[in-house]
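Student: sequence isn't available, so here's the structure alone:
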């Protein structure tokens with residue numbers, strides 16, 4: 001998806017903490033430590049297996065990946081969509097800041113995704129950790145994960161001559177736009193942006209899209225899913241650093257623009273905290289987190305908690321300059337019904 005973003009300036013604030021009674025249910029957590037292994041599932045998917053004993057249960061990747069132990073958590077896999085390990089790969093590697101710590105690394109050497117209709121290779125670029133087949137849709141989703149952007153990637157990416165609007169880092173699908181004919185497809189995407197010029201910083205943004213289905217002549221078979229932006233927001237006050245671990249939190253509350261007698265309004269909340277710094281709020285937004293026309297939303301059943309997804313042009317530029325695009329991940333935690341402990345969020349959620 002290539003989008004043009006309308007700038008939305010947020011006031012950067014430190015989080016004010018209060019007594020939190022909304023601890024929720026921990027669905028899964030892992031620090032990718034000893035006991036965790038990355039294995040090939042098929043030509044276009046890898047899975048993580050094993051128990052990460054560095055954290056408490058639920059911490060068994062084998063049960064998560066095979067969906068036979070943590071049913072509400074769904075089925076986890078790392079999906080590529082095209083290419084082989086010479087074009088993209090995932091790996092468990094030592095933390096560049098602490099070799100005793102193990103982290104997950106996504107590396108892209110050239111554009112890899114394949115257009116199924118024509119078998120055309122390299123029309124876009126993808127690696128994503130994705131969760132499918134969640135047995136019970138999540139109305140309130142919370143995630144925490146650490147991410148690290150190496151300067152080898154970011155220093156060159158700053159020289160890319162065009163504005164970067166599409167560099168996705170997470171996606172949340174409230175009815176997916178593929179497979180059997182979905183009803184009211186919707187997606188919320190978190191990504192990174194950059195304006196041309198090496199003096200300009202990288203920043204976070206999010207966008208929301210509703211989808212319209214275009215059918216083939218039979219009137220039954222989907223041919224295209226056509227997105228329409230319903231929200232775009234940038235926060236250009238936090239500069240995404242290189243060679244520094246940052247922790248991001250997402251809170252996704254299912255709902256429409258306005259609350260009803262049976263369902264709260266939709267909401268998206270995101271914080272970031274660089275190692276050694278304060279936790280700050282990037283987004284605290286009332287927004288439709290379902291297709292605005294949906295009458296019976298059923299929660300998140302597909303989400304991508306760790307993602308790298310961009311266009312062919314950026315990948316071609318990096319390849320021409322002999323530099324891979326890399327992102328590192330650590331300390332993933334996923335909850336249902338956990339509400340972040342922030343007074344400002346509580347105020348927004350309480351509004352009619």
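Tutor: Now that the structure is in, tell me what you want to look at. Small disclaimer: the values here were computed from a predicted structure and weren't measured. Residues are numbered from 1 along each chain as shown.
Student: report the strands that pair with the host helix or strand of residue 210, each with its relative direction.
Tutor: For residue 210, the host element (DSSP states H and E) is strand 202-215. If you go by DSSP bridges, strand 202-215 pairs up with strand 186-194 (antiparallel), strand 222-235 (antiparallel).
Student: ok, which of the ones you listed comes nearest residue 320?
Tutor: strand 186-194 (18.0 Å; C-beta to C-beta). In short, each C-beta sits where N, CA and C put it, glycine included.
Student: and that closest one, how far from the chain's centre?
Tutor: 8 Å (C-alpha atoms, centre = their mean, to the nearest Å).
Student: returning to that earlier point: report the rounded mean pLDDT for the strand holding residue 210.
Tutor: On average, the pLDDT along strand 202-215 is 95.
Student: kindly compare burial across the strands paired with strand 202-215 and name the winner.
Tutor: Greatest average neighbour count among the strands paired with strand 202-215 goes to strand 186-194 (a mean of 23), per mean count of other C-beta atoms under 10 Å.
Student: before we move on, back to that, okay, the strands paired with strand 202-215 in CSV with mean pLDDT and distance to residue 85 next?
Tutor: Below are the strands paired with strand 202-215 laid out as CSV (pLDDT from 0 to 100; distance: least, C-beta to C-beta, whole Å):
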stretch, mean pLDDT, distance to residue 85
strand 186-194, 97, 24
strand 222-235, 92, 30
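Student: make JSON lines from those strands and add distance to residue 281 to it.
Tutor: Supplementary listing: the strands paired with strand 202-215 in JSON lines, determined by distance: least, C-beta to C-beta, whole Å:
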{"stretch": "strand 186-194", "distance to residue 281": "14"}
{"stretch": "strand 222-235", "distance to residue 281": "9"}
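Student: nearest to residue 22, of these?
Tutor: If we rank the strands paired with strand 202-215 by C-beta to C-beta, the stretch that ends up nearest is strand 186-194, at 20.5 Å.
Student: returning to what we had before: select, out of the strands paired with strand 202-215, the one closest to residue 208.
Tutor: Per C-beta to C-beta, nearest to residue 208 of the strands paired with strand 202-215: strand 222-235, 4.1 Å.
Student: run the chain-centre distance for the closest one.
Tutor: That offset, for strand 222-235, works out to 15 Å (C-alpha atoms, centre = their mean).
Student: same for the very next helix or strand once past it, what does it pack against?
Tutor: Remark: after strand 222-235, the chain's next helix or strand is strand 245-253, criterion DSSP H and E. Here strand 245-253 touches strand 140-148, strand 167-173, strand 267-274, going by 3 or more C-beta pairs under 8 Å, 6 or more residues apart in numbering; DSSP states H and E.
Student: what is the orientation angle of the next helix or strand after the last one with strand 222-235?
Tutor: Okay, so that is strand 267-274. The helix or strand immediately downstream of strand 267-274 is strand 280-286, counting by DSSP H and E. Counting by axes from the mean of the first three to the mean of the last three C-alpha atoms, to 10 degrees, strand 280-286 lies at 130 degrees to strand 222-235.
Student: so what are the sheet partners of strand 280-286 and their directions?
Tutor: Here, using DSSP bridges, strand 280-286 pairs with strand 13-14 (antiparallel), strand 267-274 (antiparallel).
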